[in-house]
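Peer 1: Here is my input; please provide its structure:
(one chain, ligands or ions: 2)
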Amino acid sequence: MRCDFNHQSLLQAARYLQDGKLVSFPTETVYGLGADATNDRAVASIYNAKGRPSFNPLIAHVPTLEAAQSIGAFSDTALQLAKQFWPGPLTVVVPLRAPSSISRLVTAGLDTIALRVPAPEKVRALLSEADRPIAAPSANLSGRISPTMATHVEADLGNKIAMILDDGPCQSGVESTIIDCSTETLCILRHGPVTQEEIASLFPGISSNRISVTNDTAPSAPGQLTSHYAPTKAVRLEATDKKADEFMIGFGAYQGDLNLSPTADLIEAAANLFAYLHQADESEAKMIAIAPIPYSGLGAAINDRLARAAAEQPTPKAGDLS
Ligand code: AMP
Ligand code: MG
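Peer 2: Ligands and ions are numbered 1, 2, ... in the order given. Next up, the predicted model:
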């Protein structure tokens with residue numbers, strides 16, 4: 001349902017978000033597809049609605065710097081950036097505070113989190129009313145362009161989400177700049193409305209080569225953290241049984257040590273995926289086996305992540321497989 005973004009619809013949207021439903025709202029960049037960032041199933045339903053074939057970490061939107069600091073650990077540099085550019089189109093990646101109530105699907109299993117305080121006052125009021133961080137990628141079907149008008153959202157996702165808050169066209173149409181503040185060197189992961197020059201001018205003492213630029217889909221230097229989480233143990237896919245020394249993650253009829261979804265529900269499986277991978281990685285077992293997951297719907301994104309997890313393993317050392 002598309003409706004004017006007013007006080008009444010804002011209250012209704014906040015209730016929907018608290019109930020784990022999806023709500024689209026206009027930021028200064030593009031229309032976002034929001035869900036409760038602390039609710040695994042709600043976040044999984046973002047992927048389901050968009051038909052996204054892979055799990056990228058999502059940006060969590062909060063109403064204030066204080067709310068951001070309760071979720072992420074801000075270095076002096078990150079704090080300076082936030083104070084200068086928030087509310088506004090800058091997303092900072094900072095270490096996630098532990099313990100955290102943020103769904104692992106939001107960070108795609110990483111121990112860092114992308115945070116942003118959006119500019120429009122109404123959106124911040126919505127975030128305050130919802131009283132929880134809201135994960136929100138752009139509100140378009142995967143592979144389509146980002147929506148700058150509520151009618152674009154309606155065309156792509158109208159029948160899949162609880163509400164579209166219409167406040168006219170977005171100002172910028174360009175997605176937020178993303179800067180990684182979680183390591184020594186500041187790294188721009190995505191160019192956007194806040195420019196590299198504006199960022200550099202904040203830190204006159206820092207030579208500009210301490211601000212690097214990368215394409216976030218590929219690590220820029222060997223050994224640098226990629227934007228994807230992978231378990232440290234070897235992963236065996238399409239496993240229909242559990243071998244000695246394996247922790248098995250099941251699905252449907254394949255029970256395993258933990259079952260992603262005994263009823264073979266792909267949204268439930270996506271919601272549990274990263275938490276279970278972490279548990280498997282932390283277990284006593286030497287290796288991880290994963291039951292077959294269908295490729296339909298959200299299964300595509302789940303299988304994409306699992307295939308990467310299996311491929312990203314270093315070749316086991318001699319003796320490891322004995
Ligand atoms: P979107 O939500 O579609 O605007 O995309 C969010 C972008 O933020 C993705 O390209 C992610 O790769 C990036 N991102 C979000 N969280 C992190 C993180 N913890 N570390 C690195 N990149 C991130
Ligand atoms: Mg997008």
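Peer 1: C-alpha only now, for contacts and for neighbours.
Peer 2: Noted.
Peer 1: Around ligand 1, pick out the residues from the stretch 1-150 of the chain.
Peer 2: Within the stretch 1-150 of the chain, the positions adjacent to ligand 1 are 56-59, 93, 107, 110, 112-114, 136-138 by C-alpha under 6 Å from any ligand atom.
Peer 1: Including secondary structure and distance to residue 149, could those go into CSV?
Peer 2: Putting those into CSV (DSSP: H, G, I helix; E, B strand; the rest coil; distance: C-alpha to C-alpha, whole Å) gives the following:
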residue, secondary structure, distance to residue 149
56, coil, 24
57, coil, 24
58, coil, 21
59, strand, 20
93, strand, 27
107, coil, 27
110, coil, 32
112, strand, 31
113, strand, 27
114, strand, 24
136, coil, 16
137, coil, 15
138, strand, 11
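Peer 1: May I ask which of the residues you listed has the most neighbours?
Peer 2: Among these, the one with the most neighbours (other C-alpha atoms under 10 Å) is residue 113, at 28 neighbours.
Peer 1: Could you check the pLDDT of the residue of the stretch 101-250 of the chain found nearest ligand 1?
Peer 2: Nearest to ligand 1 in the stretch 101-250 of the chain, going by C-alpha to the nearest ligand atom, is residue 137, at a distance of 3.4 Å. pLDDT for residue 137: 96.
Peer 1: before we move on, what about residue 212?
Peer 2: 71.
Peer 1: Determine the three-state secondary structure at it.
Peer 2: strand (DSSP: H, G, I helix; E, B strand; the rest coil).
Peer 1: cool, residue 33 as well?
Peer 2: In three-state terms, and counting by three-state DSSP, residue 33 is strand.
Peer 1: Report the lowest-confidence entry in the residues of the stretch 1-150 of the chain next to ligand 1.
Peer 2: residue 56 (89).
Peer 1: how close does that one sit to residue 229?
Peer 2: 10 Å (C-alpha to C-alpha, to the nearest Å).
Peer 1: Could you tell me which residues touch both of these two?
Peer 2: Here residue 56 and residue 229 have residue 108 as joint contacts, going by C-alpha atoms under 8 Å, 6 or more residues apart in numbering.
Peer 1: which residues of this structure fall in helices?
Peer 2: Ranges of helices in the chain, per DSSP state H, are 7-18, 40-50, 65-71, 76-85, 121-130, 150-157, 196-202, 266-282, 299-311.
Peer 1: now the angle from the last one to helix 266-282?
Peer 2: Helix 299-311 and helix 266-282 meet at an angle of 10 degrees, taking axes from the mean of the first three to the mean of the last three C-alpha atoms, to 10 degrees as the criterion.
Peer 1: same thing with the second one?
Peer 2: Orientation of helix 40-50 against helix 266-282 (the same axes, to 10 degrees) gives an angle of 120 degrees.
Peer 1: How far off centre is helix 40-50?
Peer 2: Offset of helix 40-50 from its chain centre (C-alpha atoms, centre = their mean, to the nearest Å): 10 Å.
Peer 1: Kindly report the same for the fifth one.
Peer 2: The gap between the average C-alpha position of helix 121-130 and the chain average comes to 20 Å, counting by C-alpha atoms, centre = their mean.
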